[in-house]
Each structure stands twice: as C-alpha cells, then as structure tokens.
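Participant: Could you look at this predicted model? Sequence included:
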Amino acid sequence: MKEISGGVCAATGFRANAAYCGVKGKGPEKPDVALILSEQECAAAAVYTLNRVKAAPLYVTMEHLENGCAWGVVVNSGCANACCPKGHENAQAMCAAAAQATGREAEDFAVASTGVIGQALNISAIEAGIPGIAAGLSPENSQLAAEAIMTTDRNKKEIALSLELGGKEVKIGAIAKGSSMIHPNMGTMLCFVTTDCAITHQMLEEALRDVTARTFNRVVVDGDSSSNDMCVALANAMAGNPLIEWKDEDYETFVGALETVCTHMARAIAADGTGSTKLITCQVRSARSEEGAERLAKSVVSSDLVKASMFSCDPHWGRVMIAMGCSKAPFRPEHVDIYFRSAAGEVLACIRGEAAPLDMDKAKEILSQPEVMIDVDLHEGDQQAVCWGCDLTGDYIKINGFYRS
C-alpha cells in the first residue's frame, strides 16, 4: 500500500469538477458546487448522521442508493438544504440537473449539501452552473472539488492510496470536509470515497460501516452533530481485480486500505476544528474491551476542560481522569497511568491514579506541538481505542458566533 496523488479522481474512471455558482449569493467567489462522475456504474454504499434531524439530501440519497448502485455525486456548500421549504424537491432537482448535463438518470446520483441550516437553497443558481461543471469534468480536478465542499474548513482534505488485489493495482481516493458541529456518530462532515476495486455492494457497505465506526465516529470537535453528515463510497470495478464478494483475504486487505483513507480524513477533520491550534489524540490502552476504551477516549477528547487545558499547554491530568469518570465506562482509577506525548517527547503525569513528579517546562514544550497524544494506560486488559479531537480556543466562539453573517 502506498500513498499517491489524485484524491477522489485517483481511481481509474473517475472525474470531477467544481465551480462558483453563487449558492451563498455573496462573499468571495470560491467554488460552491461540485460533481464527481464515474465512467461505469458503481457499487455504492453510504453512512449517514444519527441525528434525528436529517437534511433532505440524505433522504434523497437513501432513495437513490437503495438498489446499491450509482454513477456519481453532486454536492453544494453554502446552504445545508435542511429544515427549509422545498428541501426534497431541490435535492431531487440537483440530481436532475446533474443527470441532464451528463446523460445519466437523476437516480444515478447521490446528493449532498453543507452550510447554513434553515435557509432556502438557491436551486436556480445550481441548475445554471451544473452544465458548465459537467463540461469540465476531468481526472485532474480533485482539489477543486475538495475546495468546493469547504465551509469553515481552513484546509482542503484529500488522499489517495494504491494497493494490489488479485494481481491488479487498485486505487482508493477521497475528499472530505468538516471542522465544526463534529461529534461521534459523525458530525457536519461530508466524505466521498471512490475506488476502482471490483467489490459487491454488500461487501462495500459492510466495509464502510465497519471502518466508519473506528474512524469518523471517533472524532469530536464541539459535541454537536449535524443534519447533513454523509460518507458515500463508489466502486466502479475498473481495476479488473477478482470480484470481492465475501470476506476473504482480499476483502480484509481492502478494508485495511479503506480504514487508512478514513483515518487520514478523521484526523484531518479533527486537526481542522474551528479555531483550533492543535490535534488532540487520546489513546486508551490495556482496557477490558474496545467498546469501553472507546467510551473513555471519546469522553476525554469531548471534555471542554481538557480541550482548554490543551490550548493553554497545561498538563492537567486531573481533568483527563474526571472526563473518564464522566463516561460511565468501567475502569479502576487507582490503576491508571496518564502520559502526554508529542514530537517533543513524553512525560508521565499520573501514575496509579496519583500525581507523578512532573517537569512543567518539559510538559509545556510537549503540549505546545501541533499534535499532542493523551496516552491512558488502564492496566486492566489487552484492548484499546483511539479517538481524535482538538483544543478549544476563543476563535471557536468568534467563528461560529458569526457564521451566518
């Protein structure tokens, strides 16, 4: 397995494009509508937000992917098309416009939106812009599509991998967005994964659900989940590898590659948390169960007090311990060791549930790095889990407080 360029267009047969259509109707003219299209029909799978409030594009995508097939994705930023008039009709209209511009059917497309909730979608702007976007579809435009789906994101998020399956080179690529309203069970994130792997819809769906549980569902920025979260995977079989139709060795290899792609995206989303200055990784190890370790790690990266301590470079291990106690997952505090690690080194802050001798200058140097790991050793078993979050800064309030303006 190796990392390659090309993002969502790295896999054989996929093209993308994006352009400014004026969905927001104001502000800088950055791309706000994107189209991804395959040359062949794809096995398709998706996972969606667990928030009870779901945007219209999710319901339309559920309908269109019910047969396990799709040809592409049409997506806009600038408006969530959620809790607003004619949401369902406008999501269908986006698919219809994409279909007309590409010679496909409306049901061949997944559709997604991201942006402000409760505002009517400027569908006429999207319909006017899609023909030009379709005319410019290219395998070179992954970065443009990645830019088009950004909202408060500071950085474009894309990755691609190459691996061998059945003697054939198989590629997996993705783009994603997300920086706030991020909480376990996905957040206001979108991710589109493309691959030329030959795999059945059933196996692709199982792989995506399995991987999502260990990646996107372990990201926390602010404890809020959104109405628009979606991860769609398309597999067009153009690599020519033997069809993956059961959980054999090739399936496990594919799942490993898919998990690498989604882990990269999950970390990128956490690192890009609104107003954040650093990525926080919490590893809970030597646990009795993976589920318990995950609950503990999520509680740590969800804690506002822990996040504030990370911003100020304060090795306040007591806040880590209390956050774990709030999780209601079983563990013995008197057995816990807590380390803080980064590229600058490591310090042991808590040993067997009590304070360890600590060099504060060294600790602050460690916590000042762009990525910090909170490493918790429970000394209880052989299971572990990793979750990702970010620090909490005043800029989070400034950015989200004025998001609509």
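Facilitator: Now that the structure is in, tell me what you want to look at.

Participant: Spit out the contact partners of Asn228.
Facilitator: Residues counted as contacts of Asn228 (C-beta atoms under 8 Å, 6 or more residues apart in numbering) are 49, 55, 57-58, 80, 82, 112-114, 188, 190. Where you see a C-beta, it was placed from the backbone N, CA and C, and this is true even at glycine.

Participant: Would you double-check that it falls in a strand?
Facilitator: No: counting by DSSP: H, G, I helix; E, B strand; the rest coil, Asn228 is not part of a strand but coil.

Participant: distance of it from Leu165?
Facilitator: Computed as C-beta to C-beta, to the nearest Å, the Asn228 to Leu165 distance reads 33 Å.

Participant: Could you list the paired strands of the strand ranked longest in the chain along with their orientation?
Facilitator: Criterion DSSP state E: the longest strand present in the chain is strand 33-48. Paired with strand 33-48 in the same sheet, following DSSP bridges, are strand 14-19 (antiparallel), strand 69-77 (antiparallel), strand 230-235 (antiparallel).

Participant: Now Val53. Nearest residue, chain neighbours left out?
Facilitator: Ser227 (4.6 Å; C-beta to C-beta, 6 or more residues apart in numbering).

Participant: can you list the contacts of Asn228 in TSV and add neighbour count and secondary structure?
Facilitator: Shown next, in TSV, are the contacts of Asn228 (neighbours: other C-beta atoms under 10 Å; DSSP: H, G, I helix; E, B strand; the rest coil):
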residue	neighbour count	secondary structure
Thr49	23	coil
Ala55	30	coil
Pro57	32	helix
Leu58	24	helix
Ala80	26	coil
Ala82	24	coil
Ala112	31	strand
Ser113	31	strand
Thr114	31	strand
Thr188	28	coil
Leu190	26	strand
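
Participant: of those, closest to Asp375?
Facilitator: Thr188 (28.9 Å; C-beta to C-beta).

Participant: Quick check, pLDDT for the closest one.
Facilitator: We note a pLDDT of 54 for Thr188 in this prediction.

Participant: mind checking which of the strands paired with strand 33-48 is nearest Leu378?
Facilitator: Between those, strand 230-235 lies closest to Leu378; by C-beta to C-beta that is 30.6 Å.

Participant: Show me the contact partners of that closest one.
Facilitator: So strand 230-235 is in contact with 14, 36, 38, 42-49, 57-58, 61, 65, 70, 72-73, 110, 112, 186, 189-199, 204, 207-208, 212, 216, 258, 262, going by C-beta under 8 Å, 6+ apart.

Participant: Ok, stretch 116-129 next?
Facilitator: 19-23, 25, 33, 55, 76, 78-87, 90, 93-94, 97, 113, 226-227, 403-404.

Participant: What ranges does the stretch 301-405 of the chain have for its strands?
Facilitator: 337-342, 345-351, 354-355, 371-377, 383-390 (DSSP state E, counting those that start in this stretch).

Participant: most packed of those strands?
Facilitator: strand 383-390 (a mean of 24; mean count of other C-beta atoms under 10 Å).

Participant: now the angle from that one to strand 371-377?
Facilitator: 150 degrees (axes from the mean of the first three to the mean of the last three C-alpha atoms, to 10 degrees).

Participant: avg pLDDT for strand 383-390?
Facilitator: Strand 383-390 comes out at a mean pLDDT of 96.

Participant: Which other helices and strands does that strand contact?
Facilitator: When contacts are defined as 3 or more C-beta pairs under 8 Å, 6 or more residues apart in numbering; DSSP states H and E, strand 383-390 packs onto helix 249-271, strand 279-287, helix 290-302.

Participant: Make CSV out of the ones you listed and add distance to Ile4, mean neighbour count and mean pLDDT.
Facilitator: Formatted as CSV, the helices and strands packed on strand 383-390 follow (distance: least, C-beta to C-beta, whole Å; neighbours: other C-beta atoms under 10 Å; pLDDT from 0 to 100):
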stretch, distance to Ile4, mean neighbour count, mean pLDDT
helix 249-271, 12, 21, 96
strand 279-287, 24, 23, 97
helix 290-302, 30, 23, 96
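
Participant: No more questions from me, cheers.
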